[in-house]
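1. 3D, please:
(one chain, ligands or ions: 1)
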Amino acid sequence: TSLATSIGGRTFDNCMMNAAGIRCQSKKDLDALIASNAGAYVTKSATPEKRAGNPSPRMQTLPHGSINSMGLPNNGLEYYLDYVIDDQHNRPGTTNFLSVAGTSLEDNLAMLHEIQDSEYDGFVELNLSCPNVPGKPQVGYDFDRVNTVLDQVFKFYTKPLGVKLPPYFDLVHFDQIAEILNQYPLTFVNSINSIGNALVVDPQTERVAIRPKGGFGGIGGASVKPTALANVRGLALRLKPEIAIVGTGGILNGVDVFEHILCGASMVQIGTQFGYEGTKIFDRLASELREIMNQKGYTNINQFRGKLKTFD
Ligand SMILES: O=C(O)c1[nH]c(=O)[nH]c(=O)c1I
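-> Numbering: from 1, shown residues only. The predicted structure follows:
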């Protein structure tokens, strides 16, 4: 039973990896991902310079997921660019993901120029959906802005690139974002990021759970799976076949991986639950997914990708 997948002509021996932001900020974190059974890793979203991020408490675990307002803490683009270039020398033929999240178009273009001019030959995940930088909107909710960003990027960027999108909640929004994305040579679209600006309250203390932004933060984990599957399916039905879908959101068990692939995902990313379990989760999910595939008579994931049935 093979869990292999391919995106943009690159093959991965396992269709599961971490989600940006979770246990991927330091070299130590990334080394652990390399040592694990994950099929790839993605680095913490980078800004041009190192950032401390929001004041703590800025992340809280919940019974059915997590809330976070980290505020884009990261070690700066050079740190991650050096890491992934070093890794591609050490492990030729492997492909990984470098996430960038500039707080302005200028920053994003500057970082992509630096990556374009470097010897990095892996994927870039352009994060258009960080919900937690105070005063900054989630670009993914401004369709004209997304168009402008991609138009500017693809004037010069020729290496494989995908975008990380926020969740949409209206079928017309799936139509509108897909119409824009289909105009560009994207390698993949990653859906979803956390459900932004939710609020968790502690009834005992009568106070919010996290400090930044009056307690408003992004929700991840089990509670977001129905929204994540809707976005994966909504985009799979609308995007041109050359654009692969990376499914993120609400994956705790092998069955959740199966559901994301059934909806159209070629690769899946695990965030909140990976944060709790660590890299051994990739072993557990692989055996659980293989068990499901064996029961159903599937020998590889291409046999059921996107094959979700409806009633009609
Ligand atoms: O607060 C963060 O650092 C963060 N948190 C998220 O939930 N999604 C994101 O894309 C980011 I850049």
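
2. Next to the ligand, which bits of this protein? Give me the list.
-> Residues of the chain lying near the ligand by C-beta under 6 Å from any ligand atom: 21, 45, 68-72, 101, 127, 129-130, 132, 193-194, 218. (C-beta placed from N, C-alpha, C; glycine too.)

3. Do a quick rundown of the strands in the stretch 101-250 of the chain.
-> 123-127, 161-165, 188-191, 195-199, 201-202, 207-208, 216-220, 244-248 (DSSP state E, counting those that start in this stretch).

4. Could you dump the ones you listed into TSV with mean pLDDT and mean neighbour count added?
-> Listed next are the strands of the stretch 101-250 of the chain as TSV, based on pLDDT from 0 to 100; neighbours: other C-beta atoms under 10 Å:
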stretch	mean pLDDT	mean neighbour count
strand 123-127	99	25
strand 161-165	99	26
strand 188-191	99	28
strand 195-199	97	18
strand 201-202	95	11
strand 207-208	98	14
strand 216-220	98	26
strand 244-248	99	28
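
5. would CSV of those with distance to residue 233 be doable?
-> Putting the strands of the stretch 101-250 of the chain into CSV (distance: least, C-beta to C-beta, whole Å) gives the following:
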stretch, distance to residue 233
strand 123-127, 21
strand 161-165, 14
strand 188-191, 10
strand 195-199, 17
strand 201-202, 32
strand 207-208, 33
strand 216-220, 19
strand 244-248, 9
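
6. ok, now how distant is the spatially closest residue to residue 97 that is not a sequence neighbour from residue 19?
-> In this structure, residue 97 finds its nearest non-sequential neighbour in residue 42, 3.7 Å apart by C-beta to C-beta, 6 or more residues apart in numbering. Separation of residue 42 from residue 19 (C-beta to C-beta, to the nearest Å) stands at 7 Å.

7. the more surrounded of these two?
-> residue 42 (31 against 28; other C-beta atoms under 10 Å).

8. pretty sure the more buried one contacts residue 96?
-> Yes: using C-beta atoms under 8 Å, residue 42 is in contact with residue 96, at 7.1 Å.

9. what residues are shared contacts of residue 42 and residue 19?
-> Applying C-beta atoms under 8 Å, 6 or more residues apart in numbering, one finds that residue 42 and residue 19 are jointly contacted by residue 269.

10. Would you indicate which residues of the helix or strand where residue 262 lies are buried?
-> Residue 262 belongs to helix 254-263 when elements are defined using DSSP states H and E. Neighbour-count burial for helix 254-263 flags 254, 256-263 (criterion: 16 or more other C-beta atoms under 10 Å).

11. Can you list the low-confidence ranges for this protein?
-> Of all residues in the chain, none has pLDDT under 70.

12. can you list contacts of the longest helix anywhere in it?
-> Determined from DSSP state H, the single longest helix within the chain is helix 281-296. For helix 281-296, the external contacting residues (C-beta under 8 Å, 6+ apart) are 1, 3, 14, 16, 36-38, 251, 253-255, 257-258, 270, 273-274, 277, 299, 301, 304.

13. now that helix and helix 254-263, what's the angle there?
-> With axes from the mean of the first three to the mean of the last three C-alpha atoms, to 10 degrees applied, the angle from helix 281-296 to helix 254-263 works out at 70 degrees.

14. Convert helix 281-296 to PDB, retaining C-alpha atoms only.
-> These are the backbone C-alpha positions of helix 281-296, laid out as PDB (Å, rounded to 0.1, in the frame of the first residue of the first chain):
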ATOM      1  CA  ILE A 281       2.100  11.200  14.500                       C
ATOM      2  CA  PHE A 282       3.300  10.500  11.000                       C
ATOM      3  CA  ASP A 283       3.900   6.900  11.900                       C
ATOM      4  CA  ARG A 284       0.400   6.600  13.500                       C
ATOM      5  CA  LEU A 285      -1.400   8.300  10.600                       C
ATOM      6  CA  ALA A 286       0.500   6.200   8.000                       C
ATOM      7  CA  SER A 287      -0.600   2.900   9.600                       C
ATOM      8  CA  GLU A 288      -4.100   4.100  10.200                       C
ATOM      9  CA  LEU A 289      -4.400   5.300   6.500                       C
ATOM     10  CA  ARG A 290      -2.900   2.000   5.300                       C
ATOM     11  CA  GLU A 291      -5.500   0.100   7.400                       C
ATOM     12  CA  ILE A 292      -8.300   2.000   5.800                       C
ATOM     13  CA  MET A 293      -6.900   1.500   2.300                       C
ATOM     14  CA  ASN A 294      -6.500  -2.200   2.800                       C
ATOM     15  CA  GLN A 295     -10.000  -2.600   4.100                       C
ATOM     16  CA  LYS A 296     -11.300  -0.700   1.000                       C
END
